[in-house]
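Test case, fold it:
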Amino acid sequence: MTHPADPRATAPAPRLTIGFILAPRFTLSAFATFVDVLRLAADDGDGSRPIRCRWSVLSADMAPVQSSCGVRIEPEERLGDPSRFDYIVAVGGLIDGGPGLSSEEGAFLQKAAAQRVGLGGLCTGVFALARLGLMDGYRCCVSWFHHQDFLSEFERMRPISDQIFVVDRDRLSCSGGVSAAHLAAFLVDRHLGRAAARKSLSILMIDEPMQGDRPQPGLPLELSPRDPLVRRALLAMQQNLHAPLSVARIARDLGVGRRKLERHFSSDLGIPPADASVRIRLAQARMLLARTDRTVTRIAEETGFCDASHLIRVFRESEGMTPDLWRQGQAEAGSDAGQLTDVASP
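You can find the predicted model right below:
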């Protein structure tokens, strides 16, 4: 029997309902961030009552599910009828995190698709949907870090790794991390309105909702390594943008010689490791120029260049103009796009 104090006993039916299926070793941050956006949109203030939104963790056997960081989540409901939800969202994590979803969970997702319930994949949750054939004919978002993993497993599909999330009809997917918050805000905006979405993100200290086509921060698109050693080296470069590691240090940390690492880069990407490092840092510099008002000096510091002069010289060699002129061009292009949108709006 429902307790009288439970807001669900007297409140109107929620306008957005989501069931979650957690894969073994799922990413806790993506799940928690997504849920927190729902939580903050569901009630007035920070009351956290599931009034306007309702969410539940689903399971076939109700056993706790361990996340990749070791924290366990206890399911709240058995699978049952998927049509009681607006969306079913699979939350993935480590690619080699174990057996994956159970056969019962797979059948549940397929039943949800047959009933035209929206399906979502957070982080590597889209892998689970694709393994069930539920992404066939759909566009899907995959983190740049798992782009090659996806291609290796699903040769006929072309994942999108230059956007933070993708919505294609009744399929939703995101790259993980903070993009989960923006995908959740997209759904809140769709079902509850923009004010509710902005409120959630503001409380979470996120400046504003991002559209799905916002580029993923990460590797430049031309760096699509197939070699596992090269991928590990690129990740080390990405994680040390502000203080770039020497090629010798990266090779040593990976347990190989410098010449071996250089051979792998040459074979896989056709460039030496040092050039790849510069491309990664330039990509980050472009992102900061386009999205922030930070000075060139500060951007140089944050992206591992010696000083502003060094960044300006390397940037000019790459883009044919200084960072300030490039930023001005981006701002003018954005302004022109905004004017076109205004003209096209009814």
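
Flag the shaky bits of this structure, pLDDT-wise.
The model of the chain has pLDDT under 70 over residues 1-11, 97-99, 213-222, 334-346.

Let me see the domain layout of it.
With domains defined by automatic domain parsing, the chain comprises 7-203, 228-331.

Packed most tightly, which of those domains would that be?
Of all these, domain 7-203 has the most neighbours on average by mean count of other Cβ atoms under 10 Å, namely a mean of 19. No exception for glycine: its C-beta is placed from N, CA and C like everyone else's.

Next, C141: phi, psi?
C141 has phi and psi values of phi -100, psi 130 when expressed as degrees, to the nearest 10.

I figured it hits Q163, correct?
Yes. Using Cβ atoms under 8 Å, C141 is in contact with Q163, at 5.8 Å.

list the residues that contact both of those two?
S175, G212 (Cβ atoms under 8 Å, 6 or more residues apart in numbering).

Turn the domains of the chain into CSV, including distance to G212.
Listed next are the domains of the chain as CSV, based on distance: least, Cβ to Cβ, whole Å:
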stretch, distance to G212
domain 7-203, 4
domain 228-331, 16
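
Show me the helices in this protein, by range?
For the chain, the helices defined by DSSP state H cover 7-10, 28-42, 103-114, 125-131, 147-153, 179-192, 194-203, 228-238, 247-253, 258-268, 273-291, 296-302, 308-319, 323-344.

With distance to G92 as extra columns, can I get those in JSON lines?
Output for those, formatted as JSON lines (distance: least, Cβ to Cβ, whole Å):
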{"stretch": "helix 7-10", "distance to G92": "29"}
{"stretch": "helix 28-42", "distance to G92": "8"}
{"stretch": "helix 103-114", "distance to G92": "12"}
{"stretch": "helix 125-131", "distance to G92": "4"}
{"stretch": "helix 147-153", "distance to G92": "11"}
{"stretch": "helix 179-192", "distance to G92": "11"}
{"stretch": "helix 194-203", "distance to G92": "23"}
{"stretch": "helix 228-238", "distance to G92": "18"}
{"stretch": "helix 247-253", "distance to G92": "27"}
{"stretch": "helix 258-268", "distance to G92": "26"}
{"stretch": "helix 273-291", "distance to G92": "25"}
{"stretch": "helix 296-302", "distance to G92": "30"}
{"stretch": "helix 308-319", "distance to G92": "35"}
{"stretch": "helix 323-344", "distance to G92": "33"}
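
Relative to Q66, which of those helices is closest?
With Cβ to Cβ as the criterion, Q66 lies closest to helix 28-42 of these, at 9.7 Å.

Give me the helices and strands touching that closest one, please.
On a contact count with 3 or more Cβ pairs under 8 Å, 6 or more residues apart in numbering; DSSP states H and E, helix 28-42 meets strand 16-22, strand 53-59, strand 87-91, strand 118-122, helix 179-192, helix 194-203.

Give me the angle between that helix and helix 194-203.
Interaxial angle, helix 28-42 versus helix 194-203 (axes from the mean of the first three to the mean of the last three Cα atoms, to 10 degrees): 130 degrees.

re earlier: figure out which of the helices and strands packed on helix 28-42 is closest to A276.
Closest among the helices and strands packed on helix 28-42, using Cβ to Cβ: helix 179-192, at 24.1 Å.
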